[in-house]
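[1] no sequence on hand, only this structure:
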């Protein structure tokens, strides 16, 4: 029988500079982030040669100092053996280059995530500028706010220390042996492109990265380089695949927030959450056609800074593309070149 209520075996996270043993041979600590989501979880899995590092933190001085306090404190005298990075977002891959250079750690990572990181980190600014401006303009964002987002967004992608020039590819269906235990590699899209997750069946451990988090919904966004993509459709499909594949009683070890029991219940909540958001968007453009920028307040009714606005815009766009693909919205392009959307859903369908 599925667990229908989320439970949290640890009421509080590790304090700065401390680690928590979350399971035999598994340690958990946190690194500080300079965003509203102010931390990232790092896990260490014991192997035959030391500790495998699962994700790295952002490429900032705060995260480096966080690592230093762990390695000179509770892990003093211990050895880091290798690193596995779940996806290309800077808070997860940001210190991969530093860990490689400082400790000689080899990198394992999904191919799509590794290559996307290289594109994001090494692409010229002017390569992105035109596509980004067109993307935001045709979907209703002001030129002023577009400029703010471009300045801030590209800086966000530079918060890394690079990656090793060679890496080991991991992919869905692989089995990885770590310290005498087998970990099944699963991947999922939506939040990232090919985000890696690890399932250790005998100990009922599921390292979920950012695919399933207890108290927040992972950001699922449309990006300027793929304006017609349907990441929300991918995310919902892959959530359902996780529900069918991963046992209900695993301990979920997410990239943010607290570890928890109740994976299937949380997946059900996330699916219902996105259905509700689609209903709100349908209602928001029922009386008149609305652009993506016009629809942001329908899902985010609070004041947003530039960093949050970029995520909110992409998130609304993901719901719009999902609903377009299902025939629930239709797109109209005005004389000003802006795409606007009108609901095809009747109120009874909500």
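    Sure thing, it's come through. Every value quoted in this text rests on a predicted model; they were computed, and no experiment measured them.

[2] quick one: mean pLDDT for stretch 197-213?
    Regarding stretch 197-213, the rounded mean pLDDT is 98.

[3] pull up the distance across it, start to finish.
    13 Å (C-alpha to C-alpha, to the nearest Å).

[4] how about that stretch: buried residues?
    197-200, 204-213 (16 or more other C-beta atoms under 10 Å). Glycine gets a C-beta too; all of them are placed from N, C-alpha and C.

[5] then stretch 309-321?
    309-321.

[6] repeat for stretch 229-239
    Buried, per 16+ other C-beta under 10 Å, within stretch 229-239: 229-236, 238-239.

[7] now for those residues: which two are most distant?
    229 and 239 (17.2 Å; C-beta to C-beta).

[8] out of the buried residues of stretch 309-321, which comes closest to residue 289?
    Nearest member of the buried residues of stretch 309-321 to residue 289, counting by C-beta to C-beta, is residue 320, at 11.7 Å.

[9] quick check: which element contains that closest one?
    helix 306-325 (DSSP states H and E).

[10] in contact with the closest residue to residue 258 other than its chain neighbours, which residues?
    Distances taken as C-beta to C-beta, 6 or more residues apart in numbering place residue 8 nearest to residue 258, at 4.9 Å, with adjacent residues excluded. By C-beta atoms under 8 Å, 6 or more residues apart in numbering, the residues touching residue 8 are 214, 258-261.

[11] dump those residues to JSON lines, plus neighbour count, distance to residue 117 and secondary structure.
    Converted to JSON lines, the contacts of residue 8 look like this (neighbours: other C-beta atoms under 10 Å; distance: C-beta to C-beta, whole Å; DSSP: H, G, I helix; E, B strand; the rest coil):
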{"residue": "214", "neighbour count": "20", "distance to residue 117": "27", "secondary structure": "coil"}
{"residue": "258", "neighbour count": "19", "distance to residue 117": "28", "secondary structure": "coil"}
{"residue": "259", "neighbour count": "24", "distance to residue 117": "26", "secondary structure": "coil"}
{"residue": "260", "neighbour count": "24", "distance to residue 117": "29", "secondary structure": "strand"}
{"residue": "261", "neighbour count": "19", "distance to residue 117": "32", "secondary structure": "strand"}
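
[12] of these, which pair is most distant in space?
    The widest separation within the contacts of residue 8 (C-beta to C-beta) is 10.7 Å, between 258 and 261.

[13] ok, longest helix in this protein?
    Longest helix of the chain, by residue count under DSSP state H: helix 263-284.

[14] can you name every helix or strand that that helix contacts?
    helix 231-245, helix 292-299, helix 306-325, strand 339-343 (3 or more C-beta pairs under 8 Å, 6 or more residues apart in numbering; DSSP states H and E).

[15] now for the ones you listed, which one comes closest to residue 116?
    Of all the helices and strands packed on helix 263-284, helix 231-245 comes closest under C-beta to C-beta, at 13.1 Å.

[16] what angle sits between the closest one and helix 306-325?
    Interaxial angle of helix 231-245 relative to helix 306-325 (axes from the mean of the first three to the mean of the last three C-alpha atoms, to 10 degrees): 80 degrees.

[17] on that earlier part again, distance from the longest helix of the chain to the middle of the chain?
    17 Å (C-alpha atoms, centre = their mean, to the nearest Å).

[18] that one to helix 231-245, inter-axis angle?
    Going by the same axes, to 10 degrees, helix 263-284 makes 160 degrees with helix 231-245.

[19] use 13 as the first number from now on
    Will do, 13 is the new start, and the previous item becomes helix 275-296.

[20] let's test this: mean pLDDT of helix 275-296, rounded?
    97.

[21] now do stretch 179-188
    98.
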